[in-house]
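Undergrad: What would the 3D arrangement of this be:
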Amino acid sequence: MSGIEPIVRTSLHEVMVERVRDLVIDGTLPAGERINEVRLCGQLGVSRTPLREALKVLASEGLVELARNRGAKVTVLGAAETRDMIMLMSRLEAFAAETAVRRLDDAAMARLRAKHDAVLDAFERGDRLDYFKLNQDFHLAIVQLAANAALSPIHAGLHARMKRVRYLGNDVAEHWAESVAEHEAIISAFERRDAEVAAAAMRAHLENAWRRADVVMRAAEQTMQPSGEET
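TA: Numbers count the residues shown, from 1 in each chain. Below is the predicted model of the structure:
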């Protein structure tokens, strides 16, 4: 019979990786915090084995740091490292956008437009985490459309490490709206099949992501500083 989709079986490992990753990305597990495995296992209703396996995956993505006999700690990214990664990512995704436009057919364009529309829907619902995930799917789809074997592994490494940073950029309502407007410029360039404008729009989008993240990071640093100095 046609039209019947197969049942998708999701392993506990996959569920754990995604769940703990989300806790890091949305700041429930704050940067620099040592992860209390006993407490987190109790909250998630799992044993320590699947949690530790999940933490190994997140460590490979650069989201947590593992230390022998000291457990796991959420990675802290400094401003300089964050800026450098975003600037490099802006060049990589600009190249991906320009290349993807030149390879684009109508079917691929329709799929990309559908991903963009899903991003907009999440924005209109005010669901930041769902928006973030759909936004990541949109960016990854462009990299995949570029079909460049050398680009993909380089981009994947940066993409994993930058997840928390890219989520931070939409912490302010005004910043979030700016990001959505930039997405509109990107998809518009794709639909016009304008490779150069698509590349420029993507590069500007990522460079603005650094500006937005920097504002949030500086504000967070100020709230953590003592209100006064002892004399």
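
Undergrad: Show me the residue at the heart of the protein, geometrically.
TA: residue 163 (3.2 Å; CA atoms, centre = their mean).

Undergrad: in terms of contact, does it touch residue 21 like I think?
TA: Yes. Shown here, residue 163 and residue 21 form a contact pair, counting by CB atoms under 8 Å, at 7.4 Å. For glycine as for every other residue, the C-beta is placed from the backbone atoms N, C-alpha and C.

Undergrad: residues shared between the contacts of those two?
TA: Taking CB atoms under 8 Å, 6 or more residues apart in numbering as the contact rule, residue 163 and residue 21 both touch 61, 63.

Undergrad: Show me the strands in the chain, by range?
TA: Applying DSSP state E to the chain gives strands spanning 64-67, 71-74.

Undergrad: Need the winner for burial among those strands.
TA: Most buried of the strands of the chain by mean neighbour count (mean count of other CB atoms under 10 Å) is strand 71-74; its value is a mean of 19.

Undergrad: Pull the distance from that one to the chain's centre.
TA: 20 Å (CA atoms, centre = their mean, to the nearest Å).

Undergrad: coming back round to it: quick one: the strands of the chain as a markdown table, columns for mean pLDDT too.
TA: As requested, the strands of the chain are arranged in a markdown table below (pLDDT from 0 to 100):
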| stretch | mean pLDDT |
| --- | --- |
| strand 64-67 | 89 |
| strand 71-74 | 89 |
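
Undergrad: Make a markdown table from those and add distance to residue 25 to it.
TA: Shown next, in a markdown table, are the strands of the chain (distance: least, CB to CB, whole Å):
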| stretch | distance to residue 25 |
| --- | --- |
| strand 64-67 | 12 |
| strand 71-74 | 10 |
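
Undergrad: Which among those is found nearest to residue 30?
TA: strand 71-74 (6.4 Å; CB to CB).

Undergrad: For the closest one, which helices and strands make contact with it?
TA: If you count contacts as 3 or more CB pairs under 8 Å, 6 or more residues apart in numbering; DSSP states H and E, strand 71-74 packs onto helix 48-60, strand 64-67.

Undergrad: Run the chain-centre distance for the first one.
TA: Per CA atoms, centre = their mean, the displacement of helix 48-60 from the mean C-alpha position of its chain is 19 Å.

Undergrad: Then stretch 203-221?
TA: So, by CA atoms, centre = their mean, the centroid of stretch 203-221 is 14 Å from its chain's centroid.
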